[in-house]
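Q: The sequence and its predicted three-dimensional model are supplied below.
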Amino acid sequence: MFVSAVFAQDKLTVAVSSFNGTVDGRRYYSRSTQNTAASIQSVQDDVEKSFVKAKRFVVVDRSKMSTWYNEKALQNSSDFDFSDRDLVEGGKNFGADFIITGNVNVVPQETVGRVAAGASSQAQRSTTGRTNTVARVAGDVGKNIETNEKLEVILKIIKVETGEIVASETLKGTRNQLEKRIDDFIDSNFPFSVPVIEVTGNELTLVPGADTGVKKGDIFTIYKITTVEVQGRNMTRQTELGSATVSVMEGDFCTAKIQKGANEIKQQFDQGVTLTAIKK
């Protein structure tokens, strides 16, 4: 299951809202955009950067959102978190298809490093002619302490058109670990989809577009797209046929070598069935 497929020709507009959360037990509210803890702000920045990096979204400008948030916050004298209704209202003002909001719980984890003790020995000759070794332990003991932050981030996706929460997921780890998990969250809920326009032997021709970030080595899953009627509603059904790996990039086009399901993919394509490739 995913929120929406992002096609090469169409870019969804997303707005990353002001995040709220707690840092070492202290609560920070989403309305306090100017006083948000650095740890919470950094996660929000990482989420926004991941959407920009994907090159298949229009991301609402942060300054426009900050102005709206500050104006909205002035209407309340006490601390509060923006409600989903507030976020949907803002999303409509920005022309966003989806709002991305988050709650960040930060717990500092103290790690004590290696304790280093230096020792030296001094040889002394006694009056009896025997040599005695006197151990002398250094007075200074080195102690390295590192502090890592353990993060628990709840990311939610709100569809502006309906106001419903269409996805929610909890990500855990350090900030470095979360970077890839945020990328995976985006790919899982907004898979990148392109049409299959040609099947020749063991290769496919796709049209991802030159500015979508698709590169050699990327893997696409190939699906058959059919429309079925369910209780008077037309619904789209996707049936997985196989997979292919991008081998050549040529401007807006790319060639992908079929790794699995070559016979089924070619058979369905020759029958005129609509095939789409979704990036893993």
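A: Cool, got the structure. Residues are numbered from 1 along each chain as shown.

Q: Look up the closest residue to Phe269, ignoring the ones flanking it.
A: The shortest distance from Phe269 to any non-neighbouring residue, by CB to CB, 6 or more residues apart in numbering, is to Val199 (4.4 Å). Where C-beta positions appear, they are placed from N, C-alpha and C, glycine not excepted.

Q: Same check on Asp270?
A: Nearest one to Asp270, counting by CB to CB, 6+ apart, is Val199 at 7.6 Å.

Q: That neighbour bridge partners, please.
A: Leu204 (DSSP bridges).

Q: Thr276 now?
A: Pro195, Tyr223.

Q: My guess is Val153 contacts Gln44. True?
A: No - in this structure, Val153 is not within contact of Gln44 by CB atoms under 8 Å, at 9.6 Å.

Q: Spit out the residues that contact those two alike.
A: Gly102, Val104 (CB atoms under 8 Å, 6 or more residues apart in numbering).

Q: Could you list the low-pLDDT ranges of this structure?
A: The model of the chain has pLDDT under 70 over residues 1-9, 32-34, 76-79, 109-148.

Q: that older thread, what distance do you get for the residue nearest to Asp270 to Gln75?
A: The spacing between Val199 and Gln75, counted by CB to CB, to the nearest Å, is 58 Å.

Q: Same check on Met235?
A: 42 Å.

Q: and what of Met65?
A: Distance from Met65 to Gln75, by CB to CB: 16 Å.

Q: What segments of the stretch 1-150 of the chain are strands?
A: 6-7, 12-16, 20-23, 26-28, 57-59, 98-125, 131-159 (DSSP state E, counting those that start in this stretch).

Q: residues touching the residue nearest the centre of the chain, list them.
A: For the chain, Ile182 is the residue whose C-alpha lies nearest the centre (CA atoms, centre = their mean; 1.8 Å). The contact partners of Ile182, by CB under 8 Å, 6+ apart, come to Asp46, Val47, Ser50, Leu155, Leu171.

Q: now those residues as TSV including neighbour count?
A: Output for the contacts of Ile182, formatted as TSV (neighbours: other CB atoms under 10 Å):
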residue	neighbour count
Asp46	16
Val47	25
Ser50	23
Leu155	23
Leu171	20
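
Q: Looking at these, which one is closest to Gly272?
A: Ser50 (37.7 Å; CB to CB).

Q: Name the nearest residue to Glu229, sequence neighbours excluded.
A: Met235 (7.5 Å).

Q: Gly213 and Glu71: what is the separation?
A: 35 Å.

Q: And for Ala244?
A: Ala244 is 49 Å from Glu71, by CB to CB.

Q: Comparing these two, which residue is more hemmed in?
A: Ala244 (27 against 9; other CB atoms under 10 Å).

Q: Would you mind telling me which of Val199 and Gln75 has the busier surroundings?
A: Val199 (20 against 8).

Q: Please name the residues that touch the more buried one.
A: So Val199 contacts Thr205, Ile265, Lys266, Phe269, Asp270, Leu275 (CB under 8 Å, 6+ apart).

Q: ok, now with 10 Å
A: For Val199, the contact set (CB atoms under 10 Å, 6 or more residues apart in numbering) comprises Thr205, Ile222, Ala244, Ile258, Ala262, Ile265, Lys266, Gln267, Gln268, Phe269, Asp270, Leu275.

Q: Show me what secondary structure element comes after the helix or strand encompassing Thr255.
A: Element membership for Thr255, per DSSP states H and E: strand 253-260. Toward the C-terminus, strand 253-260 is succeeded by helix 262-270 as the next helix or strand (DSSP H and E).

Q: Give me the buried entries from the contacts of Val199.
A: Using 16 or more other CB atoms under 10 Å as the burial test, these include Thr205, Ile222, Ala244, Ile258, Ala262, Ile265, Lys266, Gln268, Phe269, Leu275 as buried.

Q: In this structure the second one contacts Lys257, no?
A: No - counting by CB atoms under 10 Å, Ile222 sits too far from Lys257 to count as a contact (11.9 Å).

Q: Which neighbours do these two have in common?
A: Joint contacts of Ile222 and Lys257 (CB under 10 Å, 6+ apart) are Leu204, Ser243, Ala244.

Q: Tabulate the residues you listed in TSV, adding columns for distance to Val88.
A: Shown next, in TSV, are the shared contacts of Ile222 and Lys257 (distance: CB to CB, whole Å):
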residue	distance to Val88
Leu204	39
Ser243	37
Ala244	38
